[in-house]
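Asks: Provided below for reference: sequence and predicted model.
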Amino acid sequence: MKIKLTKGELKRQRDALKQYQRYLPTLQLKKQQLQMEIVNQKRALDDKKQKWHQQKTLIEVWAGLLSDKSVDLKNWVRPAKTITSPKNIAGVDLAVFERVEFNPAEYDLFLMPLWVDRAIEELQKLASLREEISILEKGMSILRHELRITTQRVNLFEKVKIPEAMDAIRLIKIYLGDQMTNAVGRSKIAKKKIEAAELEEVAV
(Lines give C-alpha, C1' and ligand atoms only; values in the text may rest on other atoms or scores of the structure.)
Protein backbone atom coordinates (compact mmCIF):
# COMPACT_ATOMS: atom_id res chain seq x y z
CA MET A 1 0.00 0.00 0.00
CA LYS A 2 1.45 3.35 -1.11
CA ILE A 3 0.97 6.04 1.53
CA LYS A 4 1.75 9.76 1.41
CA LEU A 5 4.24 10.82 4.06
CA THR A 6 2.38 14.00 4.99
CA LYS A 7 0.60 15.50 8.02
CA GLY A 8 -2.70 15.28 6.13
CA GLU A 9 -2.19 11.54 5.55
CA LEU A 10 -1.22 11.10 9.21
CA LYS A 11 -4.56 12.64 10.27
CA ARG A 12 -6.45 10.49 7.76
CA GLN A 13 -4.79 7.30 9.03
CA ARG A 14 -5.42 8.25 12.68
CA ASP A 15 -9.11 8.93 11.93
CA ALA A 16 -9.39 5.60 10.08
CA LEU A 17 -7.74 3.75 12.99
CA LYS A 18 -10.19 5.31 15.48
CA GLN A 19 -13.09 4.26 13.27
CA TYR A 20 -11.83 0.68 12.97
CA GLN A 21 -11.19 0.42 16.72
CA ARG A 22 -14.66 1.83 17.49
CA TYR A 23 -16.44 -0.47 15.04
CA LEU A 24 -14.51 -3.69 15.85
CA PRO A 25 -16.13 -4.35 19.30
CA THR A 26 -19.59 -4.06 17.69
CA LEU A 27 -18.61 -6.67 15.09
CA GLN A 28 -17.09 -8.94 17.76
CA LEU A 29 -20.29 -8.68 19.83
CA LYS A 30 -22.41 -9.49 16.75
CA LYS A 31 -20.19 -12.52 16.07
CA GLN A 32 -20.68 -13.78 19.67
CA GLN A 33 -24.46 -13.26 19.52
CA LEU A 34 -24.69 -15.14 16.21
CA GLN A 35 -22.59 -18.02 17.58
CA MET A 36 -24.83 -18.27 20.68
CA GLU A 37 -28.02 -18.19 18.59
CA ILE A 38 -26.67 -20.91 16.27
CA VAL A 39 -26.04 -23.12 19.34
CA ASN A 40 -29.61 -22.43 20.59
CA GLN A 41 -31.15 -23.08 17.17
CA LYS A 42 -29.12 -26.30 16.77
CA ARG A 43 -30.38 -27.52 20.16
CA ALA A 44 -33.99 -26.69 19.20
CA LEU A 45 -33.56 -28.32 15.79
CA ASP A 46 -32.16 -31.55 17.28
CA ASP A 47 -35.05 -31.63 19.77
CA LYS A 48 -37.70 -31.17 17.04
CA LYS A 49 -36.06 -33.82 14.82
CA GLN A 50 -36.13 -36.28 17.70
CA LYS A 51 -39.83 -35.53 18.31
CA TRP A 52 -40.52 -35.92 14.58
CA HIS A 53 -38.91 -39.37 14.56
CA GLN A 54 -40.87 -40.36 17.68
CA GLN A 55 -44.11 -39.15 16.07
CA LYS A 56 -43.27 -40.97 12.83
CA THR A 57 -42.67 -44.20 14.78
CA LEU A 58 -46.04 -43.72 16.50
CA ILE A 59 -47.80 -43.24 13.16
CA GLU A 60 -46.14 -46.30 11.63
CA VAL A 61 -48.41 -48.32 13.92
CA TRP A 62 -51.28 -46.96 11.81
CA ALA A 63 -49.57 -47.81 8.50
CA GLY A 64 -51.91 -50.69 7.74
CA LEU A 65 -55.02 -48.62 8.36
CA LEU A 66 -53.68 -45.63 6.38
CA SER A 67 -53.20 -47.81 3.32
CA ASP A 68 -57.01 -48.13 3.13
CA LYS A 69 -57.81 -46.65 -0.30
CA SER A 70 -61.35 -45.74 0.74
CA VAL A 71 -59.99 -43.22 3.27
CA ASP A 72 -58.05 -40.21 1.89
CA LEU A 73 -56.74 -37.92 4.63
CA LYS A 74 -54.34 -35.82 2.51
CA ASN A 75 -56.48 -32.67 2.39
CA TRP A 76 -56.80 -32.62 6.18
CA VAL A 77 -53.21 -33.35 7.13
CA ARG A 78 -51.46 -31.13 4.54
CA PRO A 79 -50.62 -27.67 6.03
CA ALA A 80 -52.85 -24.95 4.61
CA LYS A 81 -50.91 -22.10 6.25
CA THR A 82 -47.82 -21.78 8.45
CA ILE A 83 -47.90 -18.93 10.96
CA THR A 84 -44.59 -17.38 12.02
CA SER A 85 -43.52 -14.34 14.01
CA PRO A 86 -40.45 -12.13 13.37
CA LYS A 87 -37.33 -12.26 15.54
CA ASN A 88 -34.20 -10.11 15.22
CA ILE A 89 -30.83 -11.44 16.38
CA ALA A 90 -27.85 -9.06 16.04
CA GLY A 91 -29.50 -7.32 13.09
CA VAL A 92 -30.54 -10.56 11.38
CA ASP A 93 -34.25 -11.14 10.70
CA LEU A 94 -35.49 -14.66 11.44
CA ALA A 95 -38.89 -16.35 11.34
CA VAL A 96 -40.09 -18.07 14.52
CA PHE A 97 -42.56 -20.93 14.13
CA GLU A 98 -45.91 -20.33 15.84
CA ARG A 99 -48.33 -22.90 14.46
CA VAL A 100 -49.67 -24.64 11.37
CA GLU A 101 -53.26 -24.25 10.21
CA PHE A 102 -55.03 -27.11 8.44
CA ASN A 103 -58.19 -27.32 6.39
CA PRO A 104 -61.05 -28.38 8.66
CA ALA A 105 -61.67 -32.12 8.57
CA GLU A 106 -65.27 -32.38 7.46
CA TYR A 107 -66.58 -35.88 6.96
CA ASP A 108 -69.51 -38.09 7.88
CA LEU A 109 -68.81 -39.59 11.31
CA PHE A 110 -71.06 -42.54 10.53
CA LEU A 111 -69.32 -43.41 7.26
CA MET A 112 -65.69 -42.91 8.32
CA PRO A 113 -63.91 -45.54 10.44
CA LEU A 114 -63.48 -44.75 14.18
CA TRP A 115 -59.69 -44.44 13.90
CA VAL A 116 -59.78 -41.51 11.42
CA ASP A 117 -60.07 -38.75 14.07
CA ARG A 118 -56.99 -39.97 15.91
CA ALA A 119 -55.07 -40.55 12.66
CA ILE A 120 -55.75 -36.98 11.48
CA GLU A 121 -54.63 -35.57 14.84
CA GLU A 122 -51.35 -37.55 14.85
CA LEU A 123 -50.59 -36.85 11.18
CA GLN A 124 -51.19 -33.12 11.75
CA LYS A 125 -48.68 -33.24 14.63
CA LEU A 126 -46.14 -34.82 12.29
CA ALA A 127 -46.78 -32.20 9.59
CA SER A 128 -46.47 -29.37 12.16
CA LEU A 129 -43.11 -30.74 13.35
CA ARG A 130 -41.91 -31.00 9.74
CA GLU A 131 -42.82 -27.34 9.12
CA GLU A 132 -41.12 -26.24 12.34
CA ILE A 133 -37.95 -28.18 11.38
CA SER A 134 -37.98 -26.53 7.95
CA ILE A 135 -38.19 -23.03 9.49
CA LEU A 136 -35.40 -23.80 11.98
CA GLU A 137 -33.19 -25.13 9.16
CA LYS A 138 -33.77 -21.96 7.11
CA GLY A 139 -32.93 -19.88 10.19
CA MET A 140 -29.72 -21.87 10.73
CA SER A 141 -28.72 -21.29 7.10
CA ILE A 142 -29.31 -17.51 7.42
CA LEU A 143 -27.39 -17.33 10.73
CA ARG A 144 -24.42 -19.33 9.40
CA HIS A 145 -24.22 -17.12 6.30
CA GLU A 146 -24.30 -13.96 8.47
CA LEU A 147 -21.71 -15.42 10.86
CA ARG A 148 -19.38 -16.17 7.93
CA ILE A 149 -19.64 -12.55 6.67
CA THR A 150 -19.23 -11.09 10.19
CA THR A 151 -16.19 -13.31 10.90
CA GLN A 152 -14.60 -12.14 7.62
CA ARG A 153 -15.15 -8.50 8.66
CA VAL A 154 -13.72 -9.09 12.15
CA ASN A 155 -10.64 -10.72 10.59
CA LEU A 156 -10.31 -7.89 8.05
CA PHE A 157 -10.32 -5.27 10.83
CA GLU A 158 -8.14 -7.24 13.28
CA LYS A 159 -5.58 -8.66 10.86
CA VAL A 160 -5.50 -6.14 8.00
CA LYS A 161 -7.06 -2.69 8.47
CA ILE A 162 -5.92 -1.91 12.05
CA PRO A 163 -2.33 -3.22 11.58
CA GLU A 164 -2.06 -1.35 8.24
CA ALA A 165 -3.24 1.93 9.77
CA MET A 166 -0.92 1.53 12.79
CA ASP A 167 2.04 0.76 10.49
CA ALA A 168 1.23 3.75 8.26
CA ILE A 169 1.03 6.06 11.30
CA ARG A 170 4.37 4.75 12.56
CA LEU A 171 6.08 5.27 9.17
CA ILE A 172 4.65 8.78 8.70
CA LYS A 173 5.65 9.81 12.25
CA ILE A 174 9.21 8.52 11.68
CA TYR A 175 9.43 10.37 8.35
CA LEU A 176 7.98 13.63 9.75
CA GLY A 177 10.29 13.33 12.79
CA ASP A 178 13.29 12.91 10.50
CA GLN A 179 12.15 15.87 8.42
CA MET A 180 11.85 18.00 11.56
CA THR A 181 15.30 16.93 12.78
CA ASN A 182 16.78 17.74 9.37
CA ALA A 183 15.01 21.09 9.32
CA VAL A 184 16.39 21.93 12.79
CA GLY A 185 19.85 20.84 11.62
CA ARG A 186 19.61 23.00 8.51
CA SER A 187 18.34 25.91 10.59
CA LYS A 188 21.36 25.64 12.93
CA ILE A 189 23.80 25.50 10.01
CA ALA A 190 22.11 28.51 8.42
CA LYS A 191 22.19 30.36 11.74
CA LYS A 192 25.91 29.63 12.18
CA LYS A 193 26.61 30.85 8.64
CA ILE A 194 24.71 34.08 9.33
CA GLU A 195 26.55 34.56 12.62
CA ALA A 196 29.90 33.88 10.88
CA ALA A 197 29.06 36.41 8.15
CA GLU A 198 28.08 39.01 10.76
CA LEU A 199 31.39 38.47 12.61
CA GLU A 200 33.31 38.94 9.36
CA GLU A 201 31.46 42.21 8.73
CA VAL A 202 32.29 43.42 12.25
CA ALA A 203 35.94 42.43 11.78
CA VAL A 204 36.10 44.41 8.54
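Replies: Now that the structure is in, tell me what you want to look at.
Asks: For the chain, which element, helix or strand, carries the lowest mean pLDDT?
Replies: helix 63-66 (a mean of 64; mean pLDDT, DSSP states H and E).
Asks: Need the contact partners of the helix or strand following that one.
Replies: Downstream of helix 63-66, the first helix or strand assigned by DSSP states H and E is helix 74-77. With contact meaning CB atoms under 8 Å, 6 or more residues apart in numbering, helix 74-77 is reached by Phe102, Asn103, Pro104, Ala105, Ile120, Leu123, Gln124, Leu126, Ala127. Any C-beta I mention is one placed from the backbone N, CA and C, and that applies to glycine too.
Asks: how many neighbours does the second one have?
Replies: Think Asn103. Asn103 has 12 neighbours, counted by other CB atoms under 10 Å.
Asks: From what I see, it and Pro79 are in contact.
Replies: No: Asn103 is not in contact with Pro79 according to CB atoms under 8 Å; the separation is 9.3 Å.
Asks: mind checking the SS state of Ala80?
Replies: Recorded secondary structure, Ala80: strand (DSSP: H, G, I helix; E, B strand; the rest coil).
Asks: That one and Ala105 touch, don't they?
Replies: No: counting by CB under 8 Å, Ala80 stays clear of Ala105, with 11.6 Å between them.
Asks: And these two? Which one has more around it.
Replies: Ala105 (15 against 11).
Asks: Chain neighbours aside, what residue packs nearest to that one?
Replies: Closest residue in space to Ala105, ignoring its immediate chain neighbours: Trp76 at 4.1 Å, by CB to CB, 6 or more residues apart in numbering.
Asks: Let me know the pLDDT of that neighbour.
Replies: As predicted, Trp76 sits at a pLDDT of 81.
Asks: do the same with the one 3 residues further on
Replies: As predicted, Pro79 sits at a pLDDT of 91.
Asks: same thing with Gln41?
Replies: Confidence at Gln41, expressed as pLDDT, is 95.
Asks: which helices and strands sit right next to whichever strand or helix holds it?
Replies: Taking DSSP H and E as the definition, Gln41 sits inside helix 7-60. Packing contacts for helix 7-60, counted by 3 or more CB pairs under 8 Å, 6 or more residues apart in numbering; DSSP states H and E, involve strand 79-89, helix 116-156, helix 162-203.
Asks: Show me the shaky parts of the chain.
Replies: Flagging of the chain using pLDDT under 70 yields the residue ranges 1, 62-72, 108-113, 183-204.
Asks: Go ahead and flag the most central residue of it.
Replies: By CA atoms, centre = their mean, the mean C-alpha position of the chain lies nearest to Glu146, the distance being 3.0 Å.
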